[in-house]
Every structure is written in C-alpha cells, then in structure tokens.
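> sequence and predicted structure are below.
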Amino acid sequence: KNQVEQSPQSLIILEGKNCTLQCNYTVSPFSNLRWYKQDTGRGPVSLTIMTFSENTKSNGRYTATLDADTKQSSLHITASQLSDSASYICVVRPLSNDYKLSFGAGTTVTVRA
Amino acid sequence: ETGVTQTPRHLVMGMTNKKSLKCEQHLGHNAMYWYKQSAKKPLELMFVYSLEERVENNSVPSRFSPECPNSSHLFLHLHTLQPEDSALYLCASSQDPTGRWQPQHFGDGTRLSIL
C-alpha cells in the first residue's frame, strides 16, 4: 500500500472558483512534505515545502496546510485560473532515507471557462 | 526552461530494439535521478547517481541500464523492453541527494511506447 494517498483522483472546477486537494500519508518520521504541480507534457515543478512543525505555507494563490498529528495535508487553490489545470502531486521525504521520496499518485485538476 | 533537458521527448520502439534516453542538467547539481511515471500511479524511483556514482538501484530489471559519465549527463539504455515498460520516464537533478530542503528539478520526460 502506498504511503501517500491523494484525493480526489480528479476534479473539474469553473474558472474563478476555489478548490482543495487532500493528501494523507503514513510516512513517519518525515523530514518535509512538498507539493508539486505537473502541467500536461511537462515535468513536476515544486510549489511549496513544509516541515513537520509548519502548519501553512503559501505561494501566490496556492496555500498548503499540514496537520502532522493526523498526517494530513491539503492544497487550496484560490480564484482558479485556466493555467491551474494540471496534476498536483504530494511528496513526503522520510527522515530515514535521503533518496527515496514517497509520492502520491496525484490529483488532476481541470479548470473550465 | 527547467534547466533539465531530456531527449527524445517521444520514443516508439519494438521489444527487440535497443535505444537510449538522454538527460542533461545545466544547474550545476551533483545528484541525478531516473523515475518512471505510469498513468494514475505514483512516480517510481529507478536509479540515483551522486557525483557520478550510483547510490540507488531500486530493484529495476536489467533491461534498463543507466550510465552517468559526468555530473551533468545521465543516460538510460533500453533493450528488449516489455509492453508494461511503456510510460513517461522523468529525469531529475538536485544539488545534493542528502539535502533535505532542496527540491528535485525535473525534465519534461520521454514518453516511451513499446510495440
């Protein structure tokens, strides 16, 4: 079983609306949790990074939250734009192994005009 | 421009062919990675190189053979692949594989299709 589970698998939203993506993980202990954005036909690009002691981190219209007690993270997209259409991947770096990151399968977001 | 360039972007090959994927990073990083990305599945780490030395081989079949001639270049040599090997192959680099706060910078991948 994958140690990082993301939901929903996909979602469609109207331009200008908000949405929230979920990430549940079992990796413990962990060093940090990062959200990546992967546009169609492109490689993933880092959006935010949080340590276990951080609760929230923003990058423009993207806000990530982390609850280390419940092992949950979320990525909130505010006032969505067409360019937000992409896959969003949650990645957890274990404390014990520097090479093996734990990846979620991603949530595909489609923003429609 | 991500700083990590992969070629070719698309590759179609038969199961008996031999081909190579190329990755070049222009970021001055010391670590390079190969990942496999299949539809609706998490990225799978295949190989890690640190300062041109392979430090991780994640139980990858021998039909995949990596090569890292220097810290800027990484190859993945392919031979006698199977249909289930069809996927997006991503190369990434980072300053230091042990640097916990450094992101991995990804190329745009090679879309591989096995006939």
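Alright, I've got the coordinates.
> span of stretch B:56-74 from start to end?
Terminal residues of stretch B:56-74 lie 14 Å apart, using CA to CA, to the nearest Å.
> cool, and stretch B:11-19?
Taking CA to CA, stretch B:11-19 runs 9 Å from one end to the other.
> for residue A:89, see how far away the residue of chain B found nearest chain A is.
Nearest to chain A, among the residues of chain B, is residue B:106, at 3.1 Å (CB to the nearest CB). C-beta here means a position set from N, CA and C on the backbone, and glycine is covered the same way. Distance from residue B:106 to residue A:89, counting by CB to CB, to the nearest Å: 10 Å.
> the residue in chain A that chain B sits nearest to: neighbour count?
Using CB to the nearest CB, the closest approach of chain A to chain B is made by residue A:43 at 3.1 Å. Neighbours of residue A:43 under the rule other CB atoms under 10 Å in any protein chain shown: 22.
> could you check the pLDDT of the nearest residue to it once chain neighbours are set aside?
The shortest distance from residue A:43 to any residue other than its chain neighbours is 3.1 Å, reached at residue B:106 (CB to CB, 6 or more residues apart in numbering or on different chains). We have a pLDDT of 96 for residue B:106.
> residues in contact with residue B:106?
Counting by CB atoms under 8 Å, 6 or more residues apart in numbering or on different chains, residue B:106 touches A:43-45, B:2, B:4, B:90-92.
> quick check: which of the residues you listed has the minimum pLDDT.
Out of the contacts of residue B:106, that is residue B:2, at 64.
> one step back: what about the residue of chain A closest to chain B, distance to residue B:51?
Separation of residue A:43 from residue B:51 (CB to CB): 23 Å.
> next, count neighbours for the spatially closest residue to residue A:56 that is not a sequence neighbour.
Distances taken as CB to CB, 6+ apart place residue A:65 nearest to residue A:56, at 5.0 Å, with adjacent residues excluded. When neighbours are defined as other CB under 10 Å, residue A:65 has 18 of them.
> the strand or helix carrying residue A:65 pairs with which strands, parallel or anti?
Assignment of secondary structure by DSSP states H and E places residue A:65 within strand A:62-67. Using DSSP bridges, the strands paired with strand A:62-67 are strand A:56-59 (antiparallel), strand A:72-77 (antiparallel).
> quick one: closest of the ones you listed to residue A:28.
strand A:72-77 (12.8 Å; CB to CB).
> near chain B, which residues of chain A are found?
Contact residues (CB under 8 Å from any CB of the partner chain) of chain A with chain B: A:2, A:4, A:9, A:31-32, A:34, A:41-46, A:49, A:89, A:93, A:98-106.
> now intersect those with the helices, please.
Judged by DSSP state H, these include no members of helices.
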